[in-house]
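*Asks:* after the sequence you'll find the predicted model.
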Amino acid sequence: MNKKQQKVLVVRLSSIGDIVLTTPVVRGLAQQLGAEVHFLTKGIFAELLIGNPFISKIWTLKDDFRSLIRELKTEGFDYIIDLHKNLRSLRLSLALNTRRLTYNKTTFEKFLMVNFKINLLPRLHVVDRYMKALKPLGVVNDGKGLDFFIEPQTAYLLENTRRPFICAVIGATHFTKRLPDENWIRYINSSQDLIVLIGGKTEIPAADNIVALTGDNVINMVGRSSLQESALILKHAEKVVTNDTGMLHIAAALRKPVVSLWGGTLKEYGFWPYYPEGMDLNRSLEIEDLRCRPCSKFGRDSCPKGHFRCMREIEIKI
């Protein structure tokens, strides 16, 4: 008698990097368990999952949460893999009355590190903590790293650029994760490389400022490319220089060499670039031995000390 195929709902509502970091979970469920994998996220992040062959259906969060729950109930999920682990995802699990598997967010450990500089952080990447949630299902980490699928029809916006280039990701959600404009300007003006800037629309003023104070070795694509188009730019780059932001993890998924920049947060939180087993193409730049680091779990809108030394003192060297 054939064994019933398991149907699993993976929940990660946001944001770019966190969703990309769930891809080994999705792949493991599909390939090792043979499960039909559904994924629930916010609508603005669904683009990250389009084209993923291990996902059978993408669900997006609705304003009418009750309506969404009613729709999900009709699917008859065997498991919910809750990789968001907040009150909303807990409410969803309870409403669906389905077995829930989740992971250690290390909330208490981060609290101790931020407030008392007591380091009890586990020496585990968040991907490995995600994968531990699947232990009851017999799914293990296959060591193949992250996935990111670029749609074949995605326009490559640098088609006429034949010269090799370095991609600089200048944005990040929080101020204390963003390298200041003047640091980018010094780097670009000291480099012989062609450097392509990418970022979202909120980074347009910063990009304009950087371009105005640099030479002809910079191309500004900030606010001019979709997420998929930006990923294609990353794919063609020789190397990626990036703040602690979602594009860092897309670059790692594309197996690109990365120079990662760390300010008010720590890579030891478990979010350094994650490559396939045996591969490490990352070089981290940070100002070590600053007593004020880290100043938060996620990043702040300003430096609580006022000096912002953690980022201002970083000098990019390729």
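*Replies:* Cool, got the structure.
*Asks:* pull the distance from the host helix or strand of residue 232 to the chain's centre.
*Replies:* Per DSSP states H and E: residue 232 is located in helix 227-236. Its chain's average C-alpha position is 14 Å from that of helix 227-236, according to Cα atoms, centre = their mean, to the nearest Å.
*Asks:* could you measure from residue 86 over to residue 287?
*Replies:* 32 Å (Cβ to Cβ, to the nearest Å). For glycine as for every other residue, the C-beta is placed from the backbone atoms N, C-alpha and C.
*Asks:* the helix holding residue 232 - contacts with which helices or strands?
*Replies:* In this structure, helix 227-236 makes packing contacts with strand 165-169, strand 194-198, helix 246-253, judged by 3 or more Cβ pairs under 8 Å, 6 or more residues apart in numbering; DSSP states H and E.
*Asks:* nearest to residue 111 among the ones you listed would be which one?
*Replies:* helix 246-253 (23.9 Å; Cβ to Cβ).
*Asks:* now do that closest one against strand 165-169, angle only.
*Replies:* Put simply, helix 246-253 runs at 140 degrees to strand 165-169, going by axes from the mean of the first three to the mean of the last three Cα atoms, to 10 degrees.
*Asks:* format the helices and strands packed on helix 227-236 as JSON lines; extra columns: mean neighbour count and mean pLDDT.
*Replies:* Formatted as JSON lines, the helices and strands packed on helix 227-236 follow (neighbours: other Cβ atoms under 10 Å; pLDDT from 0 to 100):
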{"stretch": "strand 165-169", "mean neighbour count": "25", "mean pLDDT": "98"}
{"stretch": "strand 194-198", "mean neighbour count": "23", "mean pLDDT": "98"}
{"stretch": "helix 246-253", "mean neighbour count": "27", "mean pLDDT": "98"}
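*Asks:* would you reformat those as JSON lines and include distance to residue 263?
*Replies:* Shown next, in JSON lines, are those (distance: least, Cβ to Cβ, whole Å):
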{"stretch": "strand 165-169", "distance to residue 263": "14"}
{"stretch": "strand 194-198", "distance to residue 263": "19"}
{"stretch": "helix 246-253", "distance to residue 263": "13"}
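*Asks:* what's the closest of these to residue 77?
*Replies:* Closest to residue 77 of those is helix 246-253 (Cβ to Cβ; 26.4 Å).
*Asks:* who are the packing partners of the helix or strand that the closest one is followed by?
*Replies:* Per DSSP H and E, the first helix or strand lying C-terminal to helix 246-253 is strand 258-262. The contact analysis (3+ Cβ pairs under 8 Å, 6+ apart) places strand 258-262 against strand 239-243, helix 246-253, strand 282-286.
*Asks:* need the three-state assignment for residue 202.
*Replies:* helix (DSSP: H, G, I helix; E, B strand; the rest coil).
*Asks:* how about it, nearest residue that isn't a chain neighbour?
*Replies:* Of all residues not flanking residue 202 in the chain, residue 171 sits nearest, at 6.9 Å (Cβ to Cβ, 6 or more residues apart in numbering).
*Asks:* could you do residue 204 as well?
*Replies:* Per Cβ to Cβ, 6+ apart, closest to residue 204 is residue 223, 4.4 Å.
*Asks:* surely that neighbour meets residue 197?
*Replies:* No: Residue 223 is beyond contact range of residue 197, at 9.8 Å (criterion: Cβ atoms under 8 Å).
*Asks:* residue 6 touches residue 80, doesn't it?
*Replies:* No: the pair residue 6 and residue 80 fails to qualify as a contact (Cβ under 8 Å) at a distance of 11.9 Å.
*Asks:* so these two - more neighbours on which side?
*Replies:* Neighbour count, other Cβ atoms under 10 Å: between residue 6 and residue 80, residue 80 has more, with 24 against 15.
*Asks:* from the chain's centroid, how far away is the helix or strand that contains that one?
*Replies:* Element membership of residue 80, judged by DSSP H and E, is strand 79-82. From the chain centre to the centre of strand 79-82 is a distance of 20 Å (Cα atoms, centre = their mean).
*Asks:* CA-only coordinates of it in CSV, if you can.
*Replies:* Taking Å, rounded to 0.1, in the frame of the first residue of the first chain, the C-alpha atoms of strand 79-82 are listed here in CSV:
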residue,chain,number,x,y,z
TYR,A,79,2.6,19.8,9.6
ILE,A,80,3.3,23.5,9.9
ILE,A,81,7.0,24.4,9.9
ASP,A,82,6.8,27.7,11.7
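*Asks:* ok, residues contacting that strand?
*Replies:* With contact meaning Cβ atoms under 8 Å, 6 or more residues apart in numbering, strand 79-82 is reached by 6, 8-11, 25, 29, 89-90, 92-93, 96, 98-102, 133-134, 137.
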